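[1] 3D model of this:
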Amino acid sequence: MSAPAPGLAAPRAARRLSGELAALLVIWQRDMLHYRRDRFKILVTVLQPIMMLTVLGAGLASLLPATPGGADYRTFLFPGMLMMTVQAPAISAGVALVTDRQSGFLREIVMAPVRRETVLIGRCLGGASIATCQGALLLPLAGIARLPYDPITLALLLGEMVITAFMMTALGVLLAIAITRTESFYAVLSIVTMPLIFLSGAMFPVNGLPGWLFSAVLINPVSYAVDALRRTTVARLPGPVPATLFDGPQWAGWHPPVILELACITVAGAAMLALASRRFSRAP
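    Take a look at the predicted model:
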């Protein structure tokens, strides 16, 4: 069979790329449409972090006096609540993938003339968008955490939540590809997500943990996401904050900068998405 003429190769590649982008957009729009319609789920997902910030945070803040800069336990807890709010809908992208597999909808998608990697990227973009929207709903509560309503800080937090949501969505998709049974998926999900949160510094400082647990903190990508959010929130406080409370994971005594932490999160998310795409491309 003769090779296509050089003049026809470029239009074919352009049409192929256009088709992949159109499929990706359709998958993303489907997820966003389901998100907008389920307003009760939006409320429930945000309600728990709000209650923890206002009730638990206020209660423990009375035991920990505020610093000269105005920070207290609610300031410490706020980034953790952002992380928890982002995590739940991001991981739900994996749940939706398992549900689509059982209903047969996933098989119909993969029969379309698009690459399977495009399907996964579309699901990750949809899950990350939903998770970021959920996290953004908590930003108006920054005043409760004694944080100023600074547009630059809020914009930085939103950008960091986008990166974090992508990483968590890639994790959910990877689990959904590796585990096909719904019951097993939910069991593994609870086992995986709980240590990720509790060993990230979202609820309490990680510096006081035993050495073997602190090693788990260092390899936990959520630790760097929480630390990046926390350092961004306290960067514009008028006074100093206690290092023992607000310091995050350190490498041999060195505290990596926020940009490096975000790079680690991005690399972790890309690696999980690549592994999920490889397994998905070989699935029957």
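[2] quick one: low-confidence parts of the stretch 151-284 of the chain?
    Per-residue confidence for the stretch 151-284 of the chain (pLDDT under 70) gives these ranges: 239-245, 283-284.
[3] just the helices in it please.
    Assigned by DSSP state H, counting those that start in this stretch, the helices in the stretch 151-284 of the chain fall at 151-178, 182-198, 211-218, 221-234, 243-246, 258-282.
[4] possible to save these as JSON lines with distance to residue 105 and mean neighbour count?
    Yep, even glycine has a C-beta here, placed from its N, CA and C like the rest. Formatted as JSON lines, those follow (distance: least, CB to CB, whole Å; neighbours: other CB atoms under 10 Å):
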{"stretch": "helix 151-178", "distance to residue 105": "14", "mean neighbour count": "22"}
{"stretch": "helix 182-198", "distance to residue 105": "15", "mean neighbour count": "14"}
{"stretch": "helix 211-218", "distance to residue 105": "37", "mean neighbour count": "13"}
{"stretch": "helix 221-234", "distance to residue 105": "30", "mean neighbour count": "25"}
{"stretch": "helix 243-246", "distance to residue 105": "45", "mean neighbour count": "15"}
{"stretch": "helix 258-282", "distance to residue 105": "15", "mean neighbour count": "17"}
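[5] dump the ones you listed to TSV, plus distance to residue 54.
    As requested, the helices of the stretch 151-284 of the chain are arranged in TSV below (distance: least, CB to CB, whole Å):
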stretch	distance to residue 54
helix 151-178	19
helix 182-198	19
helix 211-218	27
helix 221-234	17
helix 243-246	20
helix 258-282	27
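[6] and those: which comes nearest residue 205?
    The minimum distance between residue 205 and the helices of the stretch 151-284 of the chain falls on helix 243-246, with 5.5 Å, by CB to CB.
[7] the most centrally placed residue in the chain: what's it in contact with?
    When CA atoms, centre = their mean is applied to the chain, the residue found nearest the centroid is residue 165 (2.4 Å). Residues in contact with residue 165, defined by CB atoms under 8 Å, 6 or more residues apart in numbering, are 86, 90, 127, 128, 129, 131, 132, 135.
[8] no further queries at this time; thank you.
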